[in-house]
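[1] Got a predicted structure here, sequence first:
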Amino acid sequence: MKSWASDVQTCGVNANWIAELDQLLGPTSQYPTDLQDIVNTLRIGEMLTAEQGLILWKFTDINLIGHLAHLAKQARFGSNVYFNSNLHVNQTNICTLACKFCAFRRGKRARDAYALTIAEYLSRIEPYQNSIDEVHTVGGLHPEWDVEYYEELFSACKTRFPHIHIKSLSAVEVKHIAEMSGLSPRDLLIRLQQSGLDSLPGGGAEILDDDVRDIICFGKETSDEYIAIHRAAHSIGMPTNCTMLFGTIETVEQRINHLCKLRDLQSNYGGFQCFVPYPYLPDNSRLPEAQLASSSEILRMIAVSRLMLNNIPHIKAYRMNIGDRMSELALHFGADDFDGTVGHEEIMHEAGSQTYLSYSKRQLAKFIFDSNGMPVQRNSNYTNFRRFDDDDDYGNSIILPTLNSVVNL
Ligand code: SF4
């Protein structure tokens with residue numbers, strides 16, 4: 001069994017990925033003329049421009065765009081595909097906002113509104129405590145919970161389950177709790193970090209364009225505030241993920257600009273570990289004018305993200321949103337992360353996701369093998385990795401490829 005370590009910024013990326021990509025791309029002359037400048041930019045490890053991003057988006061042969069993204073992924077990670085062992089616990093569905101795309105939030109007096117006590121929160125984790133190393137917690141903007149509630153929640157969780165990484169709070173939750181508590185986002189994050197908060201999950205980015213935000217999520221943090229909150233986290237050594245919700249009312253240009261904003265922040269601070277693009281799911285929400293992303297669009301979005309975000313290490317196929325089968329395909333279009341075991345999830349399922357919630361690590365490994373990948377269990381911060389091997393205890397009922405048949409870093 002092979003294990004290895006990395007650090008929170010390089011996140012397991014092959015240090016020689018640019019030279020590797022140069023080789024994998026082969027001669028530029030084999031690519032269509034429209035893509036040759038892009039291939040040349042990729043092979044020297046430079047960032048594509050927004051205009052080049054649009055060319056990729058509009059290029060008709062999606063398989064070729066997917067192929068380029070897959071090579072960019074392979075250069076960094078070989079055939080490795082990462083997943084972790086985690087649990088989602090949503091602490092409350094009570095929210096003072098009412099984003100149009102959100103099927104999860106409830107008003108305080110709604111029949112099915114809930115707010116977990118700290119004891120209830122811990123009891124959700126307890127049955128999984130020996131099998132997970134991360135709890136992922138996001139929820140609504142509760143009108144009464146300030147920094148003290150969250151300090152108590154995180155420190156109780158850390159005391160009871162010291163081995164479990166706490167990934168919690170989207171940017172709008174950070175903004176809300178900071179305002180409730182009379183603190184700057186940075187000071188709030190410092191206090192919560194001291195109480196046990198390890199990282200931010202990246203939710204709440206939607207589309208980083210305030211004209212779109214005013215329509216789909218009026219009252220939420222602005223684009224600049226999203227970037228500033230993640231900058232504040234990075235400045236105190238707290239890694240974060242970043243996301244994009246697409247397929248509502250945004251244009252392709254707004255999607256590409258969103259990617260540019262994320263990578264600009266990353267160039268300065270380097271704290272984003274994973275980008276998670278996911279399409280809008282329409283059930284129980286209030287956005288009839290949404291475009292709804294097709295399967296091809298989802299795969300293209302993942303591929304273009306991989307090619308545009310050359311400074312953000314990981315691209316996730318978010319199973320909770322796009323499903324297991326689409327996620328498997330995404331592994332051929334530049335995604336390298338297959339999400340986690342999850343166990344429980346409400347936000348996407350309220351909006352129509354039917355992704356099964358109780359897969360074992362063995363079953364996740366099978367999905368990855370079937371897509372010709374090598375499953376690698378990672379910790380939350382992408383600093384420790386463990387590749388499955390023939391003697392793994394959950395390898396009994398799946399046929400494992402011999403390790404030397406798989407591209408390896
Ligand atoms: S997306 Fe978040 S902030 Fe918006 S309504 Fe839903 S729970 Fe509230």
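    On my side now, so go ahead.
[2] which ones are touching Leu357?
    Counting by Cβ atoms under 8 Å, 6 or more residues apart in numbering, Leu357 touches Val342, Gly343, His344, Glu345, His349. (Each C-beta comes from the backbone N, C-alpha and C, glycine too.)
[3] So for Leu122, what's the nearest residue that isn't a sequence neighbour?
    Closest residue to Leu122 apart from its sequence neighbours, by Cβ to Cβ, 6 or more residues apart in numbering: Arg160 at 5.6 Å.
[4] Then Asn384?
    Ala5 (5.5 Å).
[5] try Ala365
    Pro375 is the one closest to Ala365 (Cβ to Cβ, 6+ apart), at 4.2 Å.
[6] State the distance from the one you found to the ligand.
    Going from Pro375 to the ligand by Cβ to the nearest ligand atom, to the nearest Å gives 32 Å.
[7] I figured Arg213 was touching Ile207, is that so?
    Yes. At 7.0 Å, Arg213 and Ile207 qualify as touching, with contact defined as Cβ atoms under 8 Å.
[8] Would the helix or strand of the chain with the lowest mean pLDDT count as contacting the ligand?
    Ranked by mean pLDDT, DSSP states H and E, the helix or strand of the chain with the weakest confidence is helix 347-350, at a mean of 76. No. Against the ligand, helix 347-350 shows no contacts by Cβ under 6 Å from any ligand atom, the least distance being 7.6 Å.
[9] outside of that helix, which residues touch it?
    Residues contacting helix 347-350 (Cβ under 8 Å, 6+ apart): 90, 102-104, 138, 278, 281, 283-284, 320-321, 355, 357.
[10] Return the list of helices and strands in contact with the next helix or strand after that helix.
    Going down the chain from helix 347-350, the next helix or strand is helix 361-370, by DSSP states H and E. Applying 3 or more Cβ pairs under 8 Å, 6 or more residues apart in numbering; DSSP states H and E, one finds that helix 361-370 contacts strand 80-84, helix 319-330, strand 337-340, strand 374-378.
[11] Counting by contacts, list what the last one packs against.
    Packing partners of strand 374-378 (3+ Cβ pairs under 8 Å, 6+ apart): strand 80-84, helix 361-370, strand 384-387.
[12] Return the most buried member of those.
    Mean neighbour counts were taken over those using mean count of other Cβ atoms under 10 Å, and the top value, a mean of 25, falls to strand 80-84.
[13] Pairing partners for it, with directions?
    Strand 80-84 has the following sheet partners, assigned by DSSP bridges: strand 337-340 (parallel), strand 374-378 (parallel).
[14] Those: lowest mean pLDDT?
    Mean pLDDT per stretch puts strand 337-340 lowest among those, at a mean of 89.
[15] Please list the residues of the protein that sit near the ligand.
    Residues of the chain lying near the ligand by Cβ under 6 Å from any ligand atom: Cys95, Leu97, Ala98, Cys99, Cys102, Phe104, Arg105, Gly140, Leu141, Val172, Cys217, Lys220.
[16] got a list of contacts for stretch 296-306?
    53, 56-57, 62, 65-66, 68-69, 72-73, 244, 246-247, 255-256, 259, 275, 277, 279, 293, 315, 317, 322, 326, 329-330, 333-335.
[17] Strands along this structure, start to end?
    With DSSP state E, the ranges of strands along the chain come out as 2-5, 80-84, 86-88, 134-137, 165-168, 240-246, 272-279, 314-315, 337-340, 374-378, 384-387.
[18] contacts for the first one?
    Which is strand 2-5. Strand 2-5 has contacts (Cβ under 8 Å, 6+ apart) with Gly12, Thr383, Asn384, Phe385, Arg386, Arg387, Asp389.
[19] what helices or strands is the lengthiest helix in the chain leaning on?
    Longest helix of the chain, by residue count under DSSP state H: helix 252-269. With contacts taken as 3+ Cβ pairs under 8 Å, 6+ apart, helix 252-269 sits against helix 50-58, helix 223-235, strand 240-246, strand 272-279, helix 295-308.
[20] can you list the ones you listed in JSON lines and add mean neighbour count and mean pLDDT?
    JSON lines is the format used below for those (neighbours: other Cβ atoms under 10 Å; pLDDT from 0 to 100):
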{"stretch": "helix 50-58", "mean neighbour count": "16", "mean pLDDT": "98"}
{"stretch": "helix 223-235", "mean neighbour count": "20", "mean pLDDT": "98"}
{"stretch": "strand 240-246", "mean neighbour count": "24", "mean pLDDT": "98"}
{"stretch": "strand 272-279", "mean neighbour count": "25", "mean pLDDT": "97"}
{"stretch": "helix 295-308", "mean neighbour count": "24", "mean pLDDT": "98"}
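[21] Let me have those in CSV, extended by distance to Ala113.
    Output for these, formatted as CSV (distance: least, Cβ to Cβ, whole Å):
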stretch, distance to Ala113
helix 50-58, 40
helix 223-235, 26
strand 240-246, 23
strand 272-279, 25
helix 295-308, 32
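[22] which residue sits closest to His258, ignoring its sequence neighbours?
    With Cβ to Cβ, 6+ apart, the residue lying closest to His258 is Leu208, at 4.6 Å.
[23] what's the burial count for the residue in the stretch 251-400 of the chain that the ligand sits nearest to?
    Per Cβ to the nearest ligand atom, Ile347 is where the stretch 251-400 of the chain lies closest to the ligand, at 7.6 Å. Residues lying near Ile347 (other Cβ atoms under 10 Å) number 21.
[24] Pro288 too?
    Count around Pro288 with other Cβ under 10 Å applied: 7.
[25] still on that earlier bit, can you pull the contacts of the residue nearest to His258?
    Ser223, Tyr226, Ile227, Asn257, His258, Lys261, Leu262.
[26] Brilliant, that's me finished.
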